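Asks: Sequence isn't available, so here's the structure alone:
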């Protein structure tokens, strides 16, 4: 019998490859919990793209509450940190904590996240938070780097083939501003 894995999914393009890879070895359920995404319109866009792909593949997905206020409280004091800095670690911690809470509540054996597929994320930051929470919740964490072996490129191609739209920034207001400023220069 396969272990029950709860997969934190940041977005559909990242989820499409990771979900299918993990299904080979685990009984996977997805969890969309991303209070960092700003503005709400962007959050709804990402949620709708995930709903579309989940429906096409028959994935079971649980959708968390959208609570940006909780995210702003969590990252308070790190607003001026650069992308990949301390703010990102706190953001990963919050989203993974919600994933571990749900995993504990629903009896999952293991937790993983699609976050490490992004070339814009530091895998060691993600895995550090996952391992810390694994000890706290006594649930296994899968510390994978899904961008290895061209995972990110494969995910983008799979998403394109399936008509899944890509976003053009991490999701938080700070990465959005950084992207806007870069395009202006």
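Replies: Okay, I see it. Everything quoted here is computed from the prediction, not taken from an experiment. Numbers count the residues shown, from 1 in each chain.
Asks: Tell me where the protein has helices.
Replies: Assigned by DSSP state H, the helices in the chain fall at 12-23, 40-57, 68-75, 86-106, 123-137, 151-161, 173-184.
Asks: Output those helices as JSON lines; include the columns distance to residue 33.
Replies: Every residue, glycine included, has its C-beta placed from N, CA and C. Listed next are the helices of the chain as JSON lines, based on distance: least, Cβ to Cβ, whole Å:
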{"stretch": "helix 12-23", "distance to residue 33": "13"}
{"stretch": "helix 40-57", "distance to residue 33": "11"}
{"stretch": "helix 68-75", "distance to residue 33": "10"}
{"stretch": "helix 86-106", "distance to residue 33": "5"}
{"stretch": "helix 123-137", "distance to residue 33": "13"}
{"stretch": "helix 151-161", "distance to residue 33": "19"}
{"stretch": "helix 173-184", "distance to residue 33": "18"}
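Asks: Of the ones you listed, which stretch is the most buried?
Replies: helix 12-23 (a mean of 24; mean count of other Cβ atoms under 10 Å).
Asks: Other residues contacting it?
Replies: 5, 7, 9, 28, 30, 46, 49-50, 52-53, 57, 59, 112, 114-115, 117-118, 142, 146, 151, 154-156, 158-159, 162, 164-167 (Cβ atoms under 8 Å, 6 or more residues apart in numbering).
Asks: same check, this time on stretch 145-156
Replies: Contacts for stretch 145-156 (Cβ under 8 Å, 6+ apart): 13-14, 16-18, 21, 114, 116-119, 123, 166.
Asks: Adding pLDDT, write those out as TSV.
Replies: Formatted as TSV, the contacts of stretch 145-156 follow (pLDDT from 0 to 100):
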residue	pLDDT
13	93
14	93
16	95
17	95
18	97
21	96
114	97
116	96
117	95
118	91
119	89
123	96
166	79
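Asks: and residue 113, how far is that from residue 79?
Replies: 24 Å (Cβ to Cβ, to the nearest Å).
Asks: quick one: which of these two has more around it?
Replies: Legend: neighbour count by other Cβ atoms under 10 Å for residue 113 and residue 79, higher for residue 113 (28 against 10).
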